Each structure stands twice: as structure tokens, then as C-alpha cells.
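A.B. asks: coords please:
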Amino acid sequence: MSLLPETARQVDALVTTAQSTGRTPSLVIGVVRGGTLAHLSVAGEHPRPDADLQYRIGSISKTMTAVLVMQLRDAGRLALDDPLERHLPGTGVGTLTLRQLLGHASGLQREPDGQWWERAEGSDLATLLTGVTAEKLAYPPHRGYHYSNLAYGLLGGVLEAVTGTPWFALLRERILDPLGMRRTTYQATEPFARGYVVHPWHDTLREEPRTDTGAMAPAGQLWFTATDLATWAAFLADPAPEVLAPESLTEMCAPVVISDLDSWRSGHGLGLELHRQGDRVYVGHGGSMPGYVAALAVHRPSRTGIVGFANSYGFRNGGIGTLGLEVLTTVLDAEPTPAAPWRPAAAPPPAEVAELTGRWWWMGHPTDVTWDGGAGHLVAYRRGERMLRFAPEAPDRWRGCSAEEDGELLTVLRDGSGHAVALDVATFVLTRSPDEEP
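C.D. replies: Below you'll find the model as predicted:
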């Protein structure tokens, strides 16, 4: 699904301007639609980017570490509310939970001890843990948002402790190979873009080291191409169930903590950053390592996303995260997702279901109940707008599977003749007439 020519022109103009004003050697932004890389916009010549050129993604690696944790949770091998002590005993912060670490709500300080881990050769897990003491707690859990790279080093240690498999081997086995991401690697693999710091006065380039971050790798080690990162963006929009259950990914997108208490425009879920732009919420993550910045953002309802890389440590003006959100909004404004075509039902519902359709009343307000034969759901419309879905669970029992009724029980109440006379939705009783008492 390619972009319309005018939309592509707008995206290309944004990218060209950002590379020029930001003074980054090369810049690439990809637009993902319907599970594929729909458009690739590139600028700069050092080197000239393409879809197979590797860049370092930094903290976008955290999104994959988080999915590995969720896989193990779904398999019953750990719980999100497990204390760290259960899997990595002997640290000074063992009461922190995996959920708090995933959501940057633990109060744990941002960095491990020693040199700046992003630019230094990393240590092993045992060495990392020696620096994890009670003094690493900046403040109590859930007092507020506090981003922590160290938290993801610890989560990588938990993954290895639970599975007995090193983090990247686990990643290869459980995510990269199943999704066909062949050009995602632990270390840079040719062809790759060298990363630079751009001199502020001379515009010359200083190449940055490409380190092995060791036990901190789960926080920011990986190298990606635009093609592979587009695959990951498509997964975050619409996950492959054999890799992660869709409901588990939806759980990752629920806020653990709001990071912008003044305007509620940003927050953090389980390993995913959340950004609100108008009425839309984007999920994803930003990333940086010495010599590189990267961006990933997805609008899940429309299965549209952006991926981006630059091989400089930041932009002179603006930033790749801001650019990515601007591109994503531009695409969605210019090309909204078309409505799915209506199709007639192949057959009427069973008689016991047909009896439940039509108008019901509660406290003078109507609810219209229809039948979605394709999904096998009862669909209720309140005041003509709010759509609620119920899936069959047993005779005369339906379980809510959307909005505020998600998980709630709908029970059909019948009279002595067996006719449906009311619907009890979590104790709110809907009747056939507004004159009947609920």
C-alpha cells in the first residue's frame, strides 16, 4: 500500500528539511501501512541511505525486551508483579516489581555504576549487579515517572535467569527468526552507517565507537535496517499471535505512568512510550546511542507507523522523535484509513439470538442490540454512538469484550414461558419498555 504522490511529496519535504537544518550526515524515515514499508524517504550522502542499511536503534531495543518478558508471563514462567528478588536475589532493590521496571515507575536511577555505559565496553551481569544497591533508588516506586536504563539491564538478567538463555539468543529464537528479521544484529554488520558527533562550529564529523554494552544490551544494543524495523512496527500495530497474544500487546499499551502531568500528552506502558496527538494515541519508542538516533511510532487503529534513523548524536535543530510524529500525523491526516465496506449477513442469527436484538431501555435511555454474525457477537449501541460487544459464554450468558463492559457479564432474564424479558448487564437491567422498572 503505497502513499499517494502528494502525501509522499509532503513526507519527502519534511525529511529533506530536517536533514538540512538538523545537520545530520544521513536520515531515513519509513512509513508503514497495512503491514508493509509503504514509503521510504531519505536525505544526506554520508552514506546515502536505503532500506537495507543498518543503523543503531538504541532504546527501541527495550520494546523487544519487554515483549520477551510478556511472552514468559503468558507462558506462566513469571508474573509482572514478581519482585526482582525472586529472579535476581541479593540486589539492594529486590522489592521492585517487574511491572514497575518495565513501566519506568520503579524510582530506580537512570544509569548503572561506572563509565557511561553507552560509550564504554560493557560488563557481565554479575558485575552489573554489584553496583545495584539501595542507594540506586531515586525515590519510592510509583511516586512518578523516572526513566531508567538500568531497569532494562536488570530485566535482561531476569530473562536469562528464567530461561537459562542469553538475552540476544533468546531474542533471535523468540522474535527475530519467527518474524523473518534477518538483518537485525547484535553488532554492526555491513552495510551499516557509521555514527558521528557533528562539531558545533566546524561541521566536521567525529566517528563514535561501536561498543558491546554487555549486560546493558537489553536497554539499547541492537542494529536494524528500515525493512526490519518496519516489520517490528507492523508487529506492534497487529501482532503475530504465535509471537505474542494480541491482548498481551494491548496490555503493553495501557499507561503504567503518565510522564507529562501538565498536559497528559505522554506516558509509558509496559516497555512502550505513549504519545497523544489530538485524538490519536501513538505507541512506540525513541532511541539514541553515541553517533545515532532512532524513532518508532505506531497508530494501532489504522495499522500505520513510522520508523526512522539518523547517524549523528542528535540534530542541530529539532529531533528525530518530533519529526517522526509529524510525519505520522501528516500521513494520517492526508490519508485516513478507509471505512470497511458493509456486507450483508449470509444468514439470520439463531432464533434464541434473534430474540435478543432490537431496542432495550434503562433509566429512560435506549440501547439497540444487533447481531454480528461474522464475529458471533451481540453488538449494543448506546445513544446511537457507543458500541459494546458481547461474546457467547454459555446459554443466556454473554461476556463483554469491549470498552467499559470488557469482562462484564450479560445475562438474559426470561419469564415463565421462556421469553427474553430483560438483559442484566453487570446488575444494570435493560427492559423492553421505558415504562418498566429496571
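
A.B. asks: show me where the chain has helices.
C.D. replies: When secondary structure is read from DSSP state H, the chain shows helices at 5-22, 61-74, 98-102, 125-130, 149-163, 167-171, 177-179, 226-237, 246-252, 320-334, 351-354.

A.B. asks: Would you mind listing the buried residues in the second one?
C.D. replies: Yep, that's helix 61-74 we're talking about. 61-73 (16 or more other Cβ atoms under 10 Å). In short, each C-beta sits where N, CA and C put it, glycine included.

A.B. asks: One more: the first one?
C.D. replies: For helix 5-22, burial by neighbour count (16+ other Cβ under 10 Å) applies to 7-8, 10-12, 14-15, 18-19, 22.

A.B. asks: which strands and helices sit next to that helix?
C.D. replies: Taking 3 or more Cβ pairs under 8 Å, 6 or more residues apart in numbering; DSSP states H and E as contact, the helices and strands that helix 5-22 lies on are strand 26-33, strand 36-44, helix 320-334.

A.B. asks: Make JSON lines out of these and add mean neighbour count, distance to residue 388 and mean pLDDT.
C.D. replies: Shown next, in JSON lines, are those (neighbours: other Cβ atoms under 10 Å; distance: least, Cβ to Cβ, whole Å; pLDDT from 0 to 100):
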{"stretch": "strand 26-33", "mean neighbour count": "26", "distance to residue 388": "29", "mean pLDDT": "98"}
{"stretch": "strand 36-44", "mean neighbour count": "21", "distance to residue 388": "33", "mean pLDDT": "97"}
{"stretch": "helix 320-334", "mean neighbour count": "20", "distance to residue 388": "26", "mean pLDDT": "97"}
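
A.B. asks: can you list the ones you listed in TSV and add distance to residue 310?
C.D. replies: Compiled in TSV, these are given as follows (distance: least, Cβ to Cβ, whole Å):
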stretch	distance to residue 310
strand 26-33	5
strand 36-44	8
helix 320-334	6
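
A.B. asks: Which of the ones you listed sits closest to residue 201?
C.D. replies: Distances from residue 201 to each of the helices and strands packed on helix 5-22 were compared using Cβ to Cβ; the minimum, 20.1 Å, belongs to strand 36-44.

A.B. asks: Sheet-wise, list the partners of the closest one with their directions.
C.D. replies: Paired strands of strand 36-44, with direction, are strand 26-33 (antiparallel) (DSSP bridges).

A.B. asks: Dump the partner strand to CSV, restricted to CA.
C.D. replies: Included here for strand 26-33 are C-alpha records, laid out as CSV according to Å, rounded to 0.1, in the frame of the first residue of the first chain:
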residue,chain,number,x,y,z
SER,A,26,22.1,10.9,6.7
LEU,A,27,18.5,10.5,7.6
VAL,A,28,15.9,7.9,6.7
ILE,A,29,12.2,7.8,7.5
GLY,A,30,9.9,4.9,6.5
VAL,A,31,6.1,4.9,6.6
VAL,A,32,4.5,1.6,7.4
ARG,A,33,0.9,0.9,6.3
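
A.B. asks: what's the spacing between that strand and its chain's center?
C.D. replies: Between the centre of strand 26-33 and the centre of its chain there are 18 Å (Cα atoms, centre = their mean, to the nearest Å).

A.B. asks: got it, and stretch 320-339?
C.D. replies: Taking Cα atoms, centre = their mean, one finds stretch 320-339 lying 17 Å from the centre of the chain it belongs to.

A.B. asks: Export that stretch to CSV, keeping only CA atoms.
C.D. replies: Taking only C-alpha atoms (Å, rounded to 0.1, in the frame of the first residue of the first chain), the coordinates of stretch 320-339 have been written out as CSV:
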residue,chain,number,x,y,z
ILE,A,320,14.0,12.6,15.1
GLY,A,321,11.2,11.8,17.5
THR,A,322,9.4,15.0,16.8
LEU,A,323,10.0,14.6,13.1
GLY,A,324,8.6,11.0,13.2
LEU,A,325,5.4,12.1,15.0
GLU,A,326,5.0,15.0,12.5
VAL,A,327,5.3,12.6,9.6
LEU,A,328,2.9,10.1,11.1
THR,A,329,0.3,12.8,11.7
THR,A,330,0.8,14.1,8.2
VAL,A,331,0.1,10.7,6.7
LEU,A,332,-2.9,10.0,8.8
ASP,A,333,-4.4,13.5,8.1
ALA,A,334,-3.8,13.2,4.4
GLU,A,335,-4.9,9.5,4.0
PRO,A,336,-7.3,8.4,6.7
THR,A,337,-8.0,4.7,6.8
PRO,A,338,-11.0,4.0,4.6
ALA,A,339,-14.0,2.6,6.3
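
A.B. asks: Other residues contacting that stretch?
C.D. replies: The list of residues contacting stretch 320-339 from outside it, by Cβ atoms under 8 Å, 6 or more residues apart in numbering, reads 3-4, 6-7, 10-11, 14-15, 18, 27, 29, 31, 33, 41, 275, 277-278, 280, 282, 286, 293-297, 299, 301-310.

A.B. asks: end-to-end on stretch 123-133?
C.D. replies: Taking Cα to Cα, to the nearest Å, the first and last residues of stretch 123-133 lie 17 Å apart.

A.B. asks: now the helices of the chain in TSV, with distance to residue 267?
C.D. replies: Below are those laid out as TSV (distance: least, Cβ to Cβ, whole Å):
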stretch	distance to residue 267
helix 5-22	25
helix 61-74	15
helix 98-102	13
helix 125-130	28
helix 149-163	16
helix 167-171	26
helix 177-179	27
helix 226-237	16
helix 246-252	12
helix 320-334	15
helix 351-354	40
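
A.B. asks: Thanks a lot, catch you later.
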